[in-house]
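S.K.: Next comes the sequence, and after it the predicted model I'd like to discuss.
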Amino acid sequence: MALDRSDVEKIAHLARLQIAEQDIPEYTENLSSILELVDQMQAVDTAEITPMAHPLDAVQRLRTDAVTEGNQRDHLQTVAPAVEAGLFQVPKVIE
Amino acid sequence: MFTKTLAELAQGLASGDFSSVELTRAYLDRINTEDSRYNSYISVTEEQAMAQAKAADEVRAKGDAGAFTGLPIAHKDIFCTQGVRTSCGSKMLDNFVSPYDATVVNNFNQAGAVMLGKTNMDEFAMGSSNESSFYGPARNPWDTERVPGGSSGGSAAAVAAQLAPAATGTDTGGSIRQPAALCGITGIKPTYGRVSRYGMVAFASSLDQGGPMTRTAEDAAMMLNVMAGFDAKDSTSLEREVPDYTLTLNESLKGLKIGLPKEFFSDDIDPQVAQQVQNAIKEYEALGATVKEISLPNTHLAIPAYYIIAPAEASSNLSRFDGVRYGYRCENPVNLEDLYKRSRGEGFGPEVKRRILVGTYALSEGFYDAYYKKALQIRRLIQQDYVNALSEVDIIMGPTTPHPAFKLGEKTSDPVSMYMEDIFTISLNLAGMPGMSIPCGFANGLPVGLQLIGNYFAEERLLNAAHQFQQATEWHCQAPAGI
C-alpha cells in the first residue's frame, strides 16, 4: 500500500512526532516500501486462526491490592527536565 | 589475560593468580587505549568498577566468594543502571541517569560481578548494524570497515575485541544472535519470560528478551545462571525453576535429533556461509547426532508479521518519551503539543521515527484488523511451525544470518534490505523459543554463525549442544588479527 505526503503528515501528528518538511518525501517512500513488505500477509487466509499475544499464552498475574512501594517522588524527579514543588512543569495549557 | 573465558578467569581469581582489582584495572586500561577503534562502549564506569572490584576482593578474602564474584562484564546500554547514564543509544536518553537498577543488573551486582561500562547499541535496539546509535556505530573487530551487527553490536564488538570477557545483550528480532554471529562470539536468546525485562528499556514487549554474549557456551551458562529467574516486577516473567546450566554441559550428544529447515538453506544465502554451516552439521553427526530435513513453511511471513508487531508495540512503548518526566526536552516550547512534537522529533533518530510511524499507522482507526490482528494470527502460524518441527527433532539448526558482516553504510539507505538480514532470527522471537548462535567457521575471513533453536525452556540442551561442539572445534577460540 503506497502512502502519500498527507498520510505521513497525519500519522506523524497522531504520533506527536515532528518530521522536518524536507524529510517527508523520504519517510513517505520508506513507509510505503515497508507496508509493501508487510502486505505479503494479506495473501494468507487466517480466518480460523486465533491471534497470538503471548508465546506461552500466559495471562497477566494479579497481586493483592496492597501498598508495596514507598513514595519516591523526589528521587524519581531528579531526572525530570523541569520540576517545581514536586510537580512536572510544562508550558501553559489553559489560557 | 584478555583471551581467557569467564570460567578461566573465575579459576584464576579463586586460586589467587590475580585479584579482581588487578583484572578490572587491566580491562579498563585496555578499553581506554583500544576502544577508539571499535566504539564498543558508550560509557566506561571506571570509578564504580574499581569500587566493585575492591568489594569483590574483600568478599573473597572473607571466604564468601561465589561463582561470579569479581568477574568483570559489560552491560548493553538498554539495562537501567542506578547512578549511571542509561542512553539506549538515543539522544532522547543522553541525559538520563537511571534512578534504579534493572533486575538483570541487580542480579549481577548481587552475584559480585564488576560492571566495566555500558555498551553501544542501535537506538532503542532498532537496527541490525549498530548504525542507528546516537553515539556512532560500533565497528566489527574482524574488519573495522564493517558493521558488528545489531542491535547489541557494542556488546558483540567488546567481547570480540577482548574489551570485556562477556556482556549482556537483548534480542527482539535477533539482536543477540545476529551480532554474535557477525563478530564470531557465542550468544543465547532465552525463552521469552525466562530473563526479567524489568529495567530493560522496552522496545517490543512481547518479543524482547535479555541474554548473555560470551566467548563460550560454558560462559553463557554461567551468565544465564545469574540472569534467569522469576521476577515479580516483570508481568510476563515466568514462574519456573532455574536449573544450574553448567551442570548439563558435558552430556553426550549421542542420539540427538537435529532438524534442518529447508527454508533456511535457500539460494539467497552466501555459499560460503552455507558450506560452513554444513561442515558444522557434519561435526554434530560425528558427535553422535542424527540429522533430518524439516520444514518451517511460514518462514517467509515472519518479517512481514514482525514489522507490524514490533513497530506497533514500539509506538506504544515509546509514547512515554514526551519531554515531560525525563529524557530530552526541546528548547522553548510554545505549547504542550509543540513540546511533545519537537522533543520527540529532535530526540529520536530516523529509524526509530520510521518504526513509530509504521506502528502508529498499523494501530490507527480502520487498520487494526488488517495489520495488527492479521500479524498476530500469522504469529501463531509461525509458532505452530516450530511446535510441529520440535515434536520431531530436539534442536533445529541453520545459519544465523544469510551473509557475513556487511560494510558500514551499505544498507542504511534501504531499510527493507536491512530488515531482510534478520530473516533467520526473527521468526524465533515471534514463537518465543530459545535460540543461540555459535561461531562455526569463516567466509572471506569473516565469522559465520551456526544457529541452534530449541523448544521452550530448552536452554540447557542448547548450551549442552553448543559446549560439546566447542569441545570438538576451535572456531570460538579465533581472534581477529591485530587484537
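M.R.: Done, it's in.

S.K.: ranges for the strands of the chain?
M.R.: Looking at chain A here, since you left the chain open. With DSSP state E as the criterion, chain A has strands at A:83-84, A:87-88.

S.K.: my question was about chain B
M.R.: B:41-44, B:72-76, B:114-119, B:166-171, B:186-189, B:209-214, B:257-261, B:290-294, B:395-399, B:435-443, B:446-453.

S.K.: Give me the average confidence score over the second one.
M.R.: The pLDDT scores in strand B:72-76 average 98.

S.K.: Report the angle between that strand and strand B:209-214.
M.R.: On the basis of axes from the mean of the first three to the mean of the last three CA atoms, to 10 degrees, strand B:72-76 is oriented at 140 degrees to strand B:209-214.

S.K.: now strand B:72-76: how far from the chain's centre is it?
M.R.: Taking CA atoms, centre = their mean, to the nearest Å, the mean C-alpha location of strand B:72-76 is offset from the chain mean by 12 Å.

S.K.: thought A:Thr28 was touching A:Leu3?
M.R.: Yes: counting by CB atoms under 8 Å, A:Thr28 touches A:Leu3, with 5.6 Å between them. (Each C-beta comes from the backbone N, C-alpha and C, glycine too.)

S.K.: returning to what we had before: can I get the strands of chain A in TSV including mean neighbour count?
M.R.: Formatted as TSV, those follow (neighbours: other CB atoms under 10 Å in any protein chain shown):
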stretch	mean neighbour count
strand A:83-84	11
strand A:87-88	12
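
S.K.: What residues of stretch B:384-398 count as buried?
M.R.: B:Gln384, B:Asp385, B:Tyr386, B:Ala389, B:Leu390, B:Val393, B:Asp394, B:Ile395, B:Ile396, B:Met397, B:Gly398 (16 or more other CB atoms under 10 Å in any protein chain shown).

S.K.: Of all the strands of chain A, which one comes closest to chain B?
M.R.: Taking CB to the nearest CB, strand A:87-88 is the member of the strands of chain A nearest to chain B, at 5.3 Å.

S.K.: picking up where we left off before, can you redo the strands of chain A as CSV with mean pLDDT?
M.R.: Shown next, in CSV, are those (pLDDT from 0 to 100):
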stretch, mean pLDDT
strand A:83-84, 96
strand A:87-88, 95
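
S.K.: can you redo those as TSV with distance to chain B?
M.R.: Rendered in TSV, the data for these read as follows (distance: least, CB to the nearest CB, whole Å):
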stretch	distance to chain B
strand A:83-84	9
strand A:87-88	5
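
S.K.: Reformat those strands as TSV; add distance to B:Thr186.
M.R.: As requested, the strands of chain A are exported to TSV (distance: least, CB to CB, whole Å):
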stretch	distance to B:Thr186
strand A:83-84	45
strand A:87-88	44
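
S.K.: With respect to A:Leu62, which of these lies nearest?
M.R.: With CB to CB as the measure, strand A:87-88 is the member of the strands of chain A nearest A:Leu62 (29.8 Å).

S.K.: who does that closest one touch, helix- and strand-wise?
M.R.: Counting contacts by 3 or more CB pairs under 8 Å, 6 or more residues apart in numbering or on different chains; DSSP states H and E, strand A:87-88 packs against no other helix or strand.

S.K.: Can you tell me which residue sits nearest the middle of the chain?
M.R.: Went with chain A since none was named. The residue lying closest to the centre of chain A (CA atoms, centre = their mean) is A:Ala15, at 6.9 Å.

S.K.: You answered for a different chain; I wanted chain B.
M.R.: B:Ile176 (2.2 Å).

S.K.: you'd agree it is up against B:Gly153?
M.R.: No: the pair B:Ile176 / B:Gly153 is not scored as a contact, 10.8 Å apart, by CB under 8 Å.

S.K.: What segments of the stretch 151-300 of chain B are helices?
M.R.: B:153-160, B:177-183, B:217-227, B:271-286 (DSSP state H, counting those that start in this stretch).

S.K.: so which of the ones you listed gets nearest chain A?
M.R.: helix B:177-183 (16.8 Å).

S.K.: what mean pLDDT would you report for that closest one?
M.R.: 98.

S.K.: for stretch B:340-349, same thing?
M.R.: The model assigns stretch B:340-349 a mean pLDDT of 98.

S.K.: same question, stretch B:460-480
M.R.: 98.

S.K.: what distance separates that stretch from the middle of the whole chain?
M.R.: Taking CA atoms, centre = their mean, one finds stretch B:460-480 lying 18 Å from the centre of the chain it belongs to.

S.K.: And for the residue sitting furthest away from the middle of chain B, nearest residue in space, chain neighbours not counted?
M.R.: Most distant from the centre of chain B: B:Val334, at 40.7 Å, with distances by CA atoms, centre = their mean. Leaving aside its chain neighbours, B:Val334 sits nearest to A:Pro91 (6.7 Å; criterion: CB to CB, 6 or more residues apart in numbering or on different chains).
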